[in-house]
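In: Provided below are the primary sequence and the corresponding predicted coordinates.
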Amino acid sequence: MGVITSLALVLLVLLILVTGKDTFSIFGGLILNFILIFMVIILISLGTSPLITAFIFGLMILALIIFFSPVDLKTGLVAYLVSVSVVLVLVALVVPIQHFGQLQGFGNESNEELGGFSLLIGISFQSISCAAILLSALGAIAEASIAMASALKELIEQTPDLKRHDLYRDGVEIGGKIMGTAYNTLFFGFFGGYLALFIWFIELKYSPSLLINDKLFIAEAASVLVSMLAVTLTVPLTTFLMVHWRQKFQIVQNK
Amino acid sequence: MKHKTVFQVIILVIVSLAAILLTRHDAFLYHDTVAQVQATKVLHRTPSEDGFKNVDHSTTQSVTLRLLNTAQKGKIIQVQNTYTDSQAVDQNYRPGQQVLISGANKKSKNIVIQGLKRDTFMVILICATISLILIIVHRRGLMAILSLIANVLLFILAIQIELLHNGKNIIPIFAILVVLFTVCTIALIFGLSQETLIASIATIVSTFASFGLFILVLHLTGEKGIHYEAVEYAVQGPKNIFLAQVMIGVLGAIMDESTDITSAMYQLKQENTDFKFLRIFKSGLNMGKQIIGPLISILFLIFMADTIPMAVLYLRNGNSIAQTFNWTIYLGVVQSLVSAIGIVLAVPLTSALAGRLLGGNHGRHN
């Protein structure tokens, strides 16, 4: 048995022990997610536009994460609407970010690894870089919008007579809590992905001027910052939607 | 309040503009030669087809540069630059961009553009992100940023120490780092309290437990299927670097999870002072179930998105899907799975600790 199969089995057993019947949606969701990402890679290498492919599959991945998590349908819909809006903003952001940062492809650090490859593959690495930035932010966007929507819904249910102004204030307060920990998840996630690169920079004594202009370093930093930006945008968007949702659909009465 | 916000926004804009202007005119700080692209002209463009029938073009452009520093400041030079359509390791230069060049001091004709000067870009992005965070989540945003800065400093320190030991003790050093990161970050959220104790212990134990399970699985399977050579940028033993990456990568997510559960359980206990271990433990599990899925996806997508450029390159170079999977995506999946295991483990651990420590005493004396 290979390492992946064994780890997947360990995960499955633990999920059954801890979550019981939710195992199906969590584990199944993870597998479907993997299939979608794998399809993105295959489609890009077959020549579809990387950014458009990532965007379309991104909408599916968001739906998968949000509706496979145990939230009720209305909260899920709010979270999904917020996530899609944030992704639209992101698409509008990554294009200029890539244009000015020129973060595409591989750095000098990869030279040895690339030795045997033909790099003239006829696919725009600029667009691939946009796609990668977009995809890596999706999970964080979905998680933050689910957390925001659930917390706000609970608040509205418990205190139905809250004024609109108070709701906005509480939204900021709840958002602050969620953001603080969400940034940590992103930060360590990215560092965990690129620890080797940071050891490389320090071991080879990159000067500060070399470092802050290095393509790979900046690409990585840009990814973290863009994800943080995206996650932060879910706070006002969810609050806004929840406030309007409450008046139009009257969550409270339906309870 | 409104006036204060407007005032804060004005300050943020001024600081940001100052930083951006500074980096745009900071060439005098550089040892390397900095130049600005004045004009570009396409000299010739040749189509090419590689052995895998990939059609691409190589374009050679003549770039007119004006030097911005060194003794030759103001001098205009011409350089040639070749780029491909796919731009995997090269790029097209445009007027207005600033670049770093080498070979300008010597009389030789070997002046080469080393790369784009990206500091202005970086500063704009940092300023935009921080401003947005401060405007949207105010004080808590500031705390979060400070805690991230503290973590970066710890990181740099740890890598320095790691290098002093010639990379031999990477795992123990990062294990200590896990403890430091956790305690610092969580103490910044909760202060010195019982909650900090619960969340920190739960985070540290789950991280090490998932790591231990991973090592066990590696041992039992004989590391079948893993190609450590595929760890990118590993200057030293790739296996240890990968193990350290696995340990650090999941830490934030577990902290996120255990602080969430801890603070909810603390609130629950305050509202229902008669709740004992079992009630708190069960509520904790229930809450955990809801956050496990999305948390796993965050890390999964980060690790997977990292592999896309390399995977596409493999596939376009005539490698089979299986080969591409084994050499580019495999490690990302392994890292995602170990992280998922840690995220699942943290739920019962945090709930049990919260139940034990909060459920034990009746009411809290404040």
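Out: Everything's here; your move.
In: Show me where the chain dips below the pLDDT cut-off.
Out: Since no chain was named, I'll use chain A. Filtered on pLDDT under 70, chain A yields the residue ranges A:247-255.
In: not what I meant, chain B
Out: In chain B (pLDDT under 70), the answer is B:1-2, B:105-109, B:360-366.
In: what separates the closest residue to chain A within it from residue B:277, distance-wise?
Out: Using CB to the nearest CB, the closest approach of chain B to chain A is made by residue B:249 at 2.1 Å. C-beta coordinates here come from the backbone N, C-alpha and C atoms, glycine included. Note on residue B:249: its distance to residue B:277, by CB to CB, to the nearest Å, is 32 Å.
In: Compare those two and say which one has the larger neighbour count.
Out: residue B:249 (25 against 16; other CB atoms under 10 Å in any protein chain shown).
In: Tell me who's in contact with the residue of chain B closest to chain A.
Out: By CB atoms under 8 Å, 6 or more residues apart in numbering or on different chains, the contact list for residue B:249 reads A:188-189, A:191-193, B:299, B:303, B:335, B:339.
In: Please identify which of the residues you listed is nearest to residue B:20.
Out: Taking CB to CB as the measure, residue B:20 lies nearest residue A:191 of the contacts of residue B:249, at 26.3 Å.
In: What about chain A, which residue is the most distant from its middle?
Out: residue A:161 (34.0 Å; CA atoms, centre = their mean).
In: which SS state does that one fall under?
Out: coil (DSSP: H, G, I helix; E, B strand; the rest coil).
In: again with residue B:83
Out: Following three-state DSSP, the label given to residue B:83 is strand.
In: Next one: it relative to residue B:63, how far apart?
Out: From residue B:83 to residue B:63 the distance is 11 Å (CB to CB).
In: okay, these two: which has more neighbours?
Out: It is residue B:63, of residue B:83 and residue B:63, that has more neighbours when counted by other CB under 10 Å, with 23 against 17.
In: now residue B:43, what's its secondary structure?
Out: Classification of residue B:43 using three-state DSSP returns strand.
In: burial measure for it, as a count.
Out: Residue B:43: 12 surrounding residues under other CB under 10 Å.
In: who's in contact with it?
Out: Residues in contact with residue B:43, defined by CB under 8 Å, 6+ apart, are B:60-62, B:80.
In: Kindly recompute the last result at 10 Å.
Out: By CB atoms under 10 Å, 6 or more residues apart in numbering or on different chains, the residues touching residue B:43 are B:59-62, B:80-82.
In: hmm, back to that, what do residue B:83 and residue B:63 both touch?
Out: Overlap of the contact sets of residue B:83 and residue B:63 (by CB under 10 Å, 6+ apart) consists of B:92-93.
In: Nearest to chain B: which residue in the stretch 101-250 of chain A?
Out: residue A:192 (2.1 Å).
In: Would you verify that that residue is located in a helix?
Out: Yes - when three-state DSSP is applied, residue A:192 is found to be in a helix.
In: Find the nearest non-adjacent residue to it, please.
Out: Excluding its sequence neighbours, the residue lying closest to residue A:192 (CB to CB, 6 or more residues apart in numbering or on different chains) is residue B:249, at 2.1 Å.
In: one step back: most neighbours out of the contacts of residue B:249, which is it?
Out: Neighbour max across the contacts of residue B:249 (other CB under 10 Å) = residue B:339, 32 neighbours.
In: what about it, helix or strand, and which?
Out: Counting by DSSP states H and E, the element that carries residue B:339 is helix B:330-359.
In: Could you check that helix and say which residues are buried?
Out: For helix B:330-359, burial by neighbour count (16 or more other CB atoms under 10 Å in any protein chain shown) applies to B:330-355, B:357-359.
In: Could you do stretch A:74-94 as well?
Out: Using 16+ other CB under 10 Å as the test for burial, stretch A:74-94 gives A:75-87, A:90-91, A:93-94.
In: Sitting in helices, which of those residues do you find?
Out: Among the buried residues of stretch A:74-94, the residues falling in helices (DSSP state H) are A:75-87, A:90-91, A:93-94.
In: which of the residues you listed come close to chain B?
Out: A:79, A:93 (CB under 10 Å from any CB of the partner chain).
In: what number of residues lie near residue B:65?
Out: Other residues lying near residue B:65 total 25 when counted by other CB under 10 Å.
In: which residues touch the closest residue to residue A:98 other than its chain neighbours?
Out: In space, and not counting its chain neighbours, residue A:98 is closest to residue A:130: 5.1 Å by CB to CB, 6+ apart. Residues in contact with residue A:130 (CB under 10 Å, 6+ apart) are A:49-52, A:54-55, A:90-91, A:93-95, A:97-99, A:103-104, A:124.
In: Narrow the residues you listed to just the buried residues.
Out: Applying 16+ other CB under 10 Å to the contacts of residue A:130, the neighbour count classes A:49-51, A:54-55, A:90-91, A:93-94, A:97-98, A:103-104, A:124 as buried.
In: TSV for those, including secondary structure?
Out: Output for the buried ones among the contacts of residue A:130, formatted as TSV (three-state DSSP):
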residue	secondary structure
A:49	coil
A:50	helix
A:51	helix
A:54	helix
A:55	helix
A:90	helix
A:91	helix
A:93	helix
A:94	helix
A:97	helix
A:98	helix
A:103	coil
A:104	coil
A:124	coil
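In: Can you tell me which of those residues is nearest residue B:239?
Out: Nearest member of the buried ones among the contacts of residue A:130 to residue B:239, counting by CB to CB, is residue A:103, at 29.0 Å.
In: so what's residue B:182 closest to, chain neighbours aside?
Out: In this structure, residue B:182 finds its nearest non-sequential neighbour in residue B:203, 4.8 Å apart by CB to CB, 6+ apart.
In: The one you found touches residue B:347, doesn't it?
Out: No - the criterion here is CB atoms under 10 Å, and residue B:203 misses it with residue B:347 at 11.9 Å.
In: so what sits against both of the two?
Out: If you check residue B:203 and residue B:347 against CB under 10 Å, 6+ apart, the residues they both contact are B:254, B:257-258.
In: neighbour-wise, which of those leads?
Out: Going by other CB under 10 Å, residue B:258 tops the shared contacts of residue B:203 and residue B:347 with 33 neighbours.
In: Let me know the secondary structure of it.
Out: On the three-state scheme (three-state DSSP), residue B:258 is labelled helix.
In: Wait, it touches residue B:197, no?
Out: No - using CB under 10 Å, residue B:258 is not in contact with residue B:197, being 11.3 Å away.
In: Tell me, how many residues neighbour residue 145?
Out: Answering for chain A, as no chain was given. Number of residues near residue A:145 (other CB under 10 Å) recorded here: 33.
In: right idea, wrong chain: chain B
Out: As a burial measure, residue B:145 scores 17 neighbours (other CB under 10 Å).
In: residue contacts, it?
Out: Counting by CB under 10 Å, 6+ apart, residue B:145 makes contact with A:180, A:183, A:228, B:129-130, B:133-134.
In: Looking at the residues you listed, which is nearest residue B:39?
Out: Minimum distance to residue B:39 across those is 33.4 Å, recorded for residue B:129 (CB to CB).
In: Check which helix or strand the closest one maps to.
Out: helix B:119-164.
In: Residue B:66 now?
Out: Taking DSSP H and E as the definition, one finds residue B:66 inside strand B:55-67.
In: Describe which strands that strand pairs with in its sheet and in which direction.
Out: Strand pairing for strand B:55-67, using DSSP bridges, gives strand B:33-49 (antiparallel), strand B:76-84 (antiparallel).
In: Let's have these in JSON lines, adding distance to residue A:144.
Out: Shown next, in JSON lines, are these (distance: least, CB to CB, whole Å):
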{"stretch": "strand B:33-49", "distance to residue A:144": "39"}
{"stretch": "strand B:76-84", "distance to residue A:144": "38"}
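In: of all the ones you listed, which lies closest to residue A:224?
Out: Using CB to CB, the nearest of the strands paired with strand B:55-67 to residue A:224 is strand B:33-49, at 26.3 Å.
In: Dump the closest one to PDB, restricted to CA.
Out: Output in PDB follows, covering the C-alpha atoms of strand B:33-49 (Å, rounded to 0.1, in the frame of the first residue of the first chain):
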ATOM      1  CA  THR B  33      22.600  48.700 -11.400                       C
ATOM      2  CA  VAL B  34      19.000  49.800 -11.800                       C
ATOM      3  CA  ALA B  35      17.600  51.100 -15.100                       C
ATOM      4  CA  GLN B  36      14.200  52.200 -16.500                       C
ATOM      5  CA  VAL B  37      12.900  50.900 -19.800                       C
ATOM      6  CA  GLN B  38      12.500  53.900 -22.100                       C
ATOM      7  CA  ALA B  39      11.300  52.100 -25.200                       C
ATOM      8  CA  THR B  40      11.200  48.700 -26.800                       C
ATOM      9  CA  LYS B  41      11.200  47.400 -30.300                       C
ATOM     10  CA  VAL B  42      10.500  44.000 -31.600                       C
ATOM     11  CA  LEU B  43      13.500  42.900 -33.800                       C
ATOM     12  CA  HIS B  44      12.300  39.500 -34.900                       C
ATOM     13  CA  ARG B  45       9.900  36.700 -34.000                       C
ATOM     14  CA  THR B  46      10.500  33.100 -34.800                       C
ATOM     15  CA  PRO B  47       8.100  30.300 -34.500                       C
ATOM     16  CA  SER B  48       9.300  27.100 -32.900                       C
ATOM     17  CA  GLU B  49       8.000  23.600 -32.300                       C
END
